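Chemist: quick one: sequence plus predicted model below, questions after.
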Amino acid sequence: MDLFKIFASATVLYSLYITSRLYRNYLRAKTTGFKLRIFPFEIGTPLFTVVASPFYSLITRFFPQSFARTYDLGVYGVEWRDRVAKRERETPGYIVVTPANALELFVEDGEMANAILARRREFEQDEVSRTIMNRFGEALAGSVGEGWSRQRRLIAPMLNERIMETVWSESQQQTHDMMSCFTNVEDGTTSGTVTGLRRIAFNILSTIGYGMPTEWSADVKQAGKGERMDFMEALLHLVDGLILLVVFPPWLLRQFWMPKSLRQIGEAYYQFYEHSSEMLQKERESLKSSGTIRNTFLSSLASVNDNELDPYEKEGRLNKPAFTEDQITGNLYTFTLAGYDTTANTMAYAVAMLAAYPQWQDWIIEEIDQIHKEVSDPNSYQQVLPKLERCLSLMFETLRMFTPVAHIVRECPVEKVLTSRGKTYRIPANTRCTLSLDGVGAHRDVWGDDVFEFRPSRWSVKAAKLTGSTSIAQVPKLEAAGAKESFLPWSSGPRACPGMKMAQTEFLSVIYTIFSEYRTEPALEAGESLEHGLSRVAAIVADSQPRLTLQMNRPNDLKLKWVRR
Ligand code: HEM
């Protein structure tokens, strides 16, 4: 009985505590101008993320809609669930009031998202992203404040026009190799299209990042027992195992009693450091002896000097290397992380959608055939790339529908006032702002009634022309009203993706090379009609899930037949 009383009193006290915190946060939020949602649990934490998923379908089925919706917001991948459910998005967003210290602001409107992204100093990257991105050393993608400005100034130019021709030609070569492998087998049927495209994206990073050209191959080279992994194998395990490495220490993962896949990730962690340190050593030696900077990210990182820093100059340290070994390792890793899954999955979704909707294949093939007639060299980066408007529209539409980085988070430590669509909003101090890059591309008033349809031609007059400009940090100049603000797959503002042009060049080169020679169609099962085959492919695409980026759950079920045109 006494025990019962203790338990009951504790429950009452705890409920009072939660209620008082909720009330306090409600008072903070009520005059902000945003719609409010009240929720009795702290959302967005790693704990909630882990615990919430198993109860997801139970809660959404049996609890009142507004409770279920707020719960939904805290479960990873809400943007994709909204898209599949064709849910209308909020303008500009809403605040979730929980008992936590911070308020949770969810923004789904382009104007407000852009306003936040433009004010980098006032809305810095959140702590969780920083921890993940700096796992291997302080990197551009995980730094804030002056440290970020300095890294950005030095690193962004490394992804400039100088590397684009290599990206273009290497992507062409890789694509040729992949396609000959696919079409070498009887009737050109393969379930390896997604894996094959991922391999291309990885191999391009290997060339551009480390100066290690790798031949396309359907199989991944795997180190045998007791053998040392090569650098690229180690890197591949680390990219796939990123979240595990944030949660578990690498020494634990590599224990002999762990499952093989986890052991490999733990092992890869140590081998990556070893390789990266050796490569850096070699790069520095070769720089010293030859004085030539290779056209790779590693060489640029190793050679760059931070001449502009006054304090360095005063200390007589002018021409000192700008980056420590740890910073170089961190940047090598995040460069691969940021550039791999994003570009690979964009190519995979585009090809899958072309297979499911063959009319769009006809549409881009028409453009490609026209280009072949117009240019003197059909492989020339300079001649071909600026003409690929429809192919670029295909990329934009794929990114709008299958946004790889569904949201980004910024912190607001001090109260700010912003306007959106003529209305003023107050963002209280200590608010976490989750900006839905996917949501801004799903507003009916901007995109029209077919907002949830895949229609690349909506971009045809809007598609940015890649003019060979060296400016890489610009969002494409989209002419249609509102489209620029409502298309943020690469984010916007000072932190916008510096790899945008590289991703575009790679995507365009791969799509152009494939569809210059081939077409694809669903590999039909016995007795299956074409119509059924097409909708089966569309269903495989719809069965996706955001992991690090959005990915298909059953990529190997995407059985495609490749035929020479
Ligand atoms: C379709 C392909 C890609 C998409 C959709 C994409 C998207 C993004 C997004 C949303 C951000 C976050 C920006 C922010 O915090 O405001 C980002 C940052 C970044 N991306 Fe990309 N990205 C792509 C390809 C690439 C490639 C190919 C590279 C380089 C190899 C790259 C390198 C980076 C880096 C270094 C950052 C950190 C920038 C900073 O914090 O200043 N990305 N990207």
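Modeler: Great, that's in hand.

Chemist: for the chain, what are the low-confidence residue spans?
Modeler: Within the chain, the stretches falling below the threshold (pLDDT under 70) are 1, 46, 305-320, 460-484.

Chemist: so which residues of it form strands?
Modeler: Read by DSSP state E, the chain holds these strands, from start to end of the chain: 35-38, 93-97, 103-107, 124-125, 189-190, 407-412, 416-420, 423-427, 431-436, 518-522, 544-546, 550-552, 560-564.

Chemist: out of these, which gets nearest to N379?
Modeler: Go through those one by one with CB to CB and the one that ends up closest to N379 is strand 518-522, at 16.3 Å. Every residue, glycine included, has its C-beta placed from N, CA and C.

Chemist: need the residues of the stretch 151-300 of the chain near the ligand, please.
Modeler: Neighbours of the ligand within the stretch 151-300 of the chain, by CB under 6 Å from any ligand atom: 152, 159.

Chemist: so which of the strands of the chain is nearest H372?
Modeler: Shortest distance between H372 and the strands of the chain, using CB to CB, is found for strand 518-522: 14.2 Å.

Chemist: packing partners of that closest one?
Modeler: Using 3 or more CB pairs under 8 Å, 6 or more residues apart in numbering; DSSP states H and E as the contact criterion, the neighbours of strand 518-522 among helices and strands are helix 325-356, helix 358-374, helix 530-542, strand 560-564.

Chemist: OK, contacts around the closest residue to the ligand within the stretch 51-200 of the chain?
Modeler: Shortest the stretch 51-200 of the chain-to-the ligand distance, computed as CB to the nearest ligand atom: residue-wise this is A141, at 3.7 Å. Listed by CB atoms under 8 Å, 6 or more residues apart in numbering, the contact partners of A141 are 133, 334, 337-338.

Chemist: try it again at 10 Å.
Modeler: Under the criterion of CB atoms under 10 Å, 6 or more residues apart in numbering, the contact list for A141 reads 125, 129-130, 132-134, 148, 151-152, 155, 330-331, 333-335, 337-338, 495, 497-498.

Chemist: quick check, V107 in contact with I116.
Modeler: Yes - between V107 and I116 there is a contact under CB atoms under 10 Å: 6.8 Å.

Chemist: still on that earlier bit, now the strands of the chain in TSV, with mean neighbour count and distance to L287?
Modeler: As requested, these are arranged in TSV below (neighbours: other CB atoms under 10 Å; distance: least, CB to CB, whole Å):
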stretch	mean neighbour count	distance to L287
strand 35-38	15	56
strand 93-97	23	49
strand 103-107	26	45
strand 124-125	18	32
strand 189-190	20	42
strand 407-412	20	35
strand 416-420	16	45
strand 423-427	16	47
strand 431-436	24	40
strand 518-522	20	42
strand 544-546	17	40
strand 550-552	21	38
strand 560-564	17	43
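
Chemist: what about the spatially closest residue to Q264 that is not a sequence neighbour, neighbour count?
Modeler: The spatially closest residue to Q264, leaving aside those adjacent along the chain, is H237, at 5.1 Å (CB to CB, 6 or more residues apart in numbering). Around H237 there are 25 other residues, counting by other CB atoms under 10 Å.

Chemist: contact partners for L394?
Modeler: When the contact criterion is CB under 10 Å, 6+ apart, the partners of L394 are 346, 350-351, 353-354, 360-361, 363-364, 367, 388, 454, 456-457, 459, 463, 507-508, 511, 515.

Chemist: need the buried ones from these selected in ChimeraX.
Modeler: Selecting in ChimeraX just the buried members of these, where the criterion is 16 or more other CB atoms under 10 Å, is done with this command:
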select :346,350,351,353,354,360,361,363,364,367,388,454,456,459,463,507,508,511,515
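
Chemist: go back to the contacts of L394 and keep what's next to the ligand.
Modeler: Checking these against the ligand by CB under 6 Å from any ligand atom, the ones in range are T346.

Chemist: stretch 219-231: end-to-end distance?
Modeler: Between the opening and closing residues of stretch 219-231 there is a gap of 16 Å (CA to CA, to the nearest Å).

Chemist: show me the contact partners of that stretch.
Modeler: Contacting residues not belonging to stretch 219-231 are listed as 192, 195, 199, 202, 206, 210, 212, 214, 232-237, 264, 267-268, 270-272, 274-276, 278-279, 332 [CB under 10 Å, 6+ apart].

Chemist: now those: which count as buried?
Modeler: For these, a neighbour count by 16+ other CB under 10 Å gives the buried set as 192, 195, 199, 202, 206, 210, 212, 214, 232-237, 264, 267-268, 271-272, 275-276, 279, 332.

Chemist: those residues in helices, which ones?
Modeler: 195, 199, 202, 206, 210, 232-237, 264, 267-268, 271-272, 275-276, 279, 332 (DSSP state H).

Chemist: not counting sequence-adjacent ones, nearest residue to the residue of the chain found nearest the ligand?
Modeler: With CB to the nearest ligand atom as the measure, G499 is the residue of the chain nearest to the ligand, at 2.1 Å. Excluding the flanking residues, the one nearest G499 by CB to CB, 6+ apart is G339, at 5.1 Å.

Chemist: so the one you found sits right up against K501, yeah?
Modeler: No - proximity of G339 to K501 does not meet the contact threshold set by CB under 10 Å, at 11.6 Å.

Chemist: quick one: common contacting residues for those two?
Modeler: Shared contacts of G339 and K501, counting by CB under 10 Å, 6+ apart, come down to L159.

Chemist: what's around the closest residue to R426 other than its chain neighbours, how many residues?
Modeler: Distance criterion CB to CB, 6+ apart; nearest residue to R426, sequence neighbours excluded, is T32 at 4.6 Å. Other residues within reach of T32 by the criterion other CB under 10 Å amount to 20.

Chemist: contact partners for T32?
Modeler: For T32, the contacting residues are 94-95, 103, 105, 415, 417, 424-428, 431, by CB under 10 Å, 6+ apart.

Chemist: done for today, thanks.
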